[in-house]
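**Student:** Okay, structure incoming, though there's no sequence with it:
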């Protein structure tokens, strides 16, 4: 589908263009959405250049995405779009900047693109030339990337709170009693930890999944920003001489914004790795606590098992078998041998 944006006395007007129909006078921006071969050849004939196909646009080499043919500059960059199933995906947007016309080629329908086109038609001064439309679209791409990074930042903050909220150490505050001594608030802290349930393995698995999604989205944004950074540098060299002073300043500002977002995305990637390591550490702590419980139980029941094993032997000469109090004493010995290790572990703070 081809949509042309015509500049007239009242502002910018959008209209559909059928194949074979001449381009209206005053057209400054031509948008191609899911173009077929007929539409591609039509616009190629109009510009007297060969427009790239979808296979050409998908090439990963920089030389295939950023090049010039005469006075026409071809620039392709990855952008963030929402797929039909809901999650954000990576799409490609191609700018073809000719001296008197801007052509955009896209095989996705990002919402920010539609919003910018609607604003351009409402605000007369927003798009007055092909270069103004080009700069406006670049600013919309950067704004969208910034919005996605802000969303990822909020998600990571919530995940961080979810990971560490139930594991933060409470400071034991001293409390001065009536006798002037210092009474530690151990019972209050113990009750607090009893009320606060630690996260389960299932919840930690959900956290890991959420961290993976945040990391994947951050990587997609970084890929888009890397393409934008190369595109802005290329546009500065190729289209810079044709720009006015204020347009050059806008392009320079866009480059600075992209660079700052690249640094912010790198920081978010490091934060994602940190949260993933922290989550795995919490899971390891939970598993260690479970193993510790089994180890303590084994040590606690080992002495009673030893006592029961000794008096369960069937030797004929065992003096304790003739004692009247032999059985209750054996039970008492087993209880004491079990309580003793538990008391020792508790005293050492291992429990």
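**Tutor:** Yes, it's here. Remember, predicted model here, so these are calculated numbers, not experimental data.
**Student:** can you count the residues close to residue 124?
**Tutor:** A count of nearby residues for residue 124, using other C-beta atoms under 10 Å, gives 13. (C-beta placed from N, C-alpha, C; glycine too.)
**Student:** list the contacts for it?
**Tutor:** 10, 11, 12 (C-beta atoms under 8 Å, 6 or more residues apart in numbering).
**Student:** Tabulate the residues you listed in CSV, adding columns for secondary structure, distance to residue 342 and neighbour count.
**Tutor:** Formatted as CSV, these follow (DSSP: H, G, I helix; E, B strand; the rest coil; distance: C-beta to C-beta, whole Å; neighbours: other C-beta atoms under 10 Å):
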residue, secondary structure, distance to residue 342, neighbour count
10, coil, 87, 8
11, strand, 83, 17
12, strand, 80, 22
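**Student:** As a markdown table, those residues with distance to residue 55 and pLDDT would be great.
**Tutor:** As requested, these are exported to a markdown table (distance: C-beta to C-beta, whole Å; pLDDT from 0 to 100):
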| residue | distance to residue 55 | pLDDT |
| --- | --- | --- |
| 10 | 40 | 71 |
| 11 | 37 | 75 |
| 12 | 32 | 78 |
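**Student:** Same list as before, those residues that is, but in a markdown table and with distance to residue 92 included.
**Tutor:** Shown next, in a markdown table, are these (distance: C-beta to C-beta, whole Å):
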| residue | distance to residue 92 |
| --- | --- |
| 10 | 33 |
| 11 | 29 |
| 12 | 25 |
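**Student:** hey, where'd the strands end up in the stretch 151-300 of the chain?
**Tutor:** Using DSSP state E, counting those that start in this stretch, the strands of the stretch 151-300 of the chain run over residues 174-176, 182-184.
**Student:** what is the rounded mean pLDDT of the helix or strand containing residue 74?
**Tutor:** Assigned by DSSP states H and E, residue 74 belongs to strand 72-82. Regarding strand 72-82, the rounded mean pLDDT is 83.
**Student:** where does the stretch 101-250 of the chain have low pLDDT?
**Tutor:** Applying pLDDT under 70 to the stretch 101-250 of the chain flags residues 166-202.
**Student:** Enumerate every residue touching residue 264.
**Tutor:** With C-beta under 8 Å, 6+ apart, residue 264 has these contacts: residue 149.
**Student:** Could you check how many residues crowd around the residue nearest to residue 273 when sequence neighbours are not counted?
**Tutor:** Among residues not flanking residue 273 along the chain, residue 215 sits closest, at 7.7 Å (C-beta to C-beta, 6 or more residues apart in numbering). Using other C-beta under 10 Å, residue 215 has 19 neighbouring residues.
**Student:** what about residue 267, distance to residue 309?
**Tutor:** For residue 267, the distance to residue 309 equals 61 Å [C-beta to C-beta, to the nearest Å].
**Student:** So these two - more neighbours on which side?
**Tutor:** Taking other C-beta under 10 Å, residue 267 and residue 309 do not tie; residue 267 has more neighbours (13 against 9).
**Student:** Please work out how many residues are found near the nearest residue to residue 111 once chain neighbours are set aside.
**Tutor:** Nearest residue to residue 111 in three dimensions, chain neighbours excluded: residue 82, at 6.6 Å (C-beta to C-beta, 6+ apart). A count of neighbours around residue 82, defined by other C-beta under 10 Å, yields 15.
**Student:** how about the residue nearest to residue 273, what does it touch?
**Tutor:** For residue 215, the contacting residues are 269, 272, 273, 276, taking C-beta under 8 Å, 6+ apart as the criterion.
**Student:** Now for the first one: which residues touch it?
**Tutor:** Read that as residue 269. Residue 269 makes contacts with 215, 218, 219, 222, as judged by C-beta under 8 Å, 6+ apart.
**Student:** on that earlier part again, would you mind checking the contacts of residue 215 for buried ones?
**Tutor:** Buried by 16 or more other C-beta atoms under 10 Å: 269, 272, 276, out of the contacts of residue 215.
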